[in-house]
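>>> How does the following fold in three dimensions:
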Amino acid sequence: MSARKLEETDELKHAKVDKSLSKAIMQARTAKKMTQKELATAINEKPQVVGEYESGKAIPNPQIISKLERKLGCKLPRPGKKPAAKKSAAAGGAKMGAGASRGPPRAGARGSGPPKRR
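Model prediction:
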């Protein structure tokens, strides 16, 4: 296959915010009686970002979605994630107890870093 054919057939498009997510953001924001600007200020983003998420034009960013979830106090539908079966704790290997350390005991195990100068 030639490079020209590849260029013609491949459409490179970014994933956009799902309609269910934009609707959920809008409903949660209006339930809290907040404007887009107030919500944006509360999550340290520009008002345009909130507007893009609500209109469905934004490229989904998990960090922004989690900030929105925290501020709005509800879970939002995440793009492209399907509910996965949770693994049991035993399958992940033995977890270390509170007193367990990862290496051999150190002589002056006060903290990390070099000893203090006198």
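
>>> Just the helices from the protein, written as ranges.
3-9, 19-31, 36-42, 47-55, 62-72 (DSSP state H).

>>> Just tell me which of the ones you listed ends up closest to Arg118.
Closest approach to Arg118 among these (Cβ to Cβ): helix 62-72, 45.3 Å. Yep, even glycine has a C-beta here, placed from its N, CA and C like the rest.

>>> Show me what counts as buried in the closest one.
Neighbour counts over helix 62-72 (16 or more other Cβ atoms under 10 Å) mark Ile64, Ile65, Lys67, Leu68, Glu69, Lys71, Leu72 as buried.

>>> ok, the third one touching Ile43?
It stands for Lys67. Yes: using Cβ atoms under 8 Å as the test, Lys67 is close enough to Ile43 to be in contact (4.2 Å).

>>> if we can go back for a sec, for Pro115, find the nearest of the helices of the chain.
Going by Cβ to Cβ, the one of these nearest Pro115 is helix 62-72, 39.4 Å.

>>> List the contacts of that closest one.
21, 25, 28-29, 32, 39, 42-45, 49, 53, 75-76, 78 (Cβ atoms under 8 Å, 6 or more residues apart in numbering).

>>> can you check stretch 40-48 too?
Counting by Cβ under 8 Å, 6+ apart, residues outside stretch 40-48 touching it are Met34, Gln36, Lys37, Val49, Val50, Ile64, Lys67, Leu68, Arg70, Lys71.

>>> Greatest separation within those: which pair is it?
Going by Cβ to Cβ, the pair spanning those furthest: Lys37 and Arg70, at 18.1 Å.
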